[in-house]
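Generate a structure from the sequence data that follows.
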Amino acid sequence: MSMVTDSIYWLWNNPVTREVVRYPKVVGDLFFTQKAPVVTQVVEKLPLNMIAIPSWTRVFVRLAGISGASAVAMGAYGAHVFYQRGTSEELKQVYETANRYHFMHTLALLGVPLCKRPKLVSTEACSSWLVY
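Below you'll find the predicted structure:
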């Protein structure tokens, strides 16, 4: 008798059986109940000074995107081609360091429009980028 009660317990008290038994009610509630009204207006508006960056600095955001994409491409090249060749460990470490610096400069370039003096920062960032 214990085996029968245990099998009934396992059959009806497991999570799968509970969900299968509950499924018709859930589907019926989805199709036959009244739906909530759709909100068509924006509830919260952002203050204008939160997104007030000079329009000429958006060039640096695009430039950071291009720089980041090239950093990812060069990292993939280093991981799949450069590392498989018979190069020395010192050159591999130099390549990895250069790629890491490329990513850091990309993040710095992304922050140029948010600075207090974007003209000064952009001039310094671009000059250091070209020298690098």
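
where does the chain have low pLDDT?
Where the chain drops to pLDDT under 70, the residues are 1-4, 8-12, 16-17, 20-39, 42-52, 132.

hey, where'd the helices end up in it?
Per DSSP state H, the chain carries helices over the ranges 2-12, 15-32, 58-77, 89-110, 118-131.

Export those as CSV, with columns for distance to Tyr83 and mean neighbour count.
Any C-beta I mention is one placed from the backbone N, CA and C, and that applies to glycine too. Below are the helices of the chain laid out as CSV (distance: least, Cβ to Cβ, whole Å; neighbours: other Cβ atoms under 10 Å):
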stretch, distance to Tyr83, mean neighbour count
helix 2-12, 54, 9
helix 15-32, 47, 9
helix 58-77, 10, 15
helix 89-110, 6, 14
helix 118-131, 26, 13
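
will you turn those helices into TSV that also has distance to Thr40?
Below are the helices of the chain laid out as TSV (distance: least, Cβ to Cβ, whole Å):
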stretch	distance to Thr40
helix 2-12	45
helix 15-32	22
helix 58-77	30
helix 89-110	34
helix 118-131	37
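
correct me, but His102 touches Ala71?
Yes. Using Cβ atoms under 8 Å, His102 is in contact with Ala71, at 4.4 Å.

So which of the helices of the chain is nearest Gln41?
Proximity to Gln41, assessed across these by Cβ to Cβ, is greatest for helix 15-32 (26.1 Å).

give me every residue that touches Gly127.
Small correction: residue 127 is Ser, not Gly. Ser127 makes contact with no residue, according to Cβ atoms under 8 Å, 6 or more residues apart in numbering.

Kindly report the same for Trp129.
Here Trp129 is in contact with 105, 109 (Cβ under 8 Å, 6+ apart).

can you offset everything so residue one is 13?
With the count now opening at 13, the last piece we talked about shows up as Trp141.

Next one: it from Asn25, what distance?
65 Å (Cβ to Cβ, to the nearest Å).

now swap in Ala91 and tell me
For Ala91 relative to Asn25 (Cβ to Cβ), the value is 51 Å.
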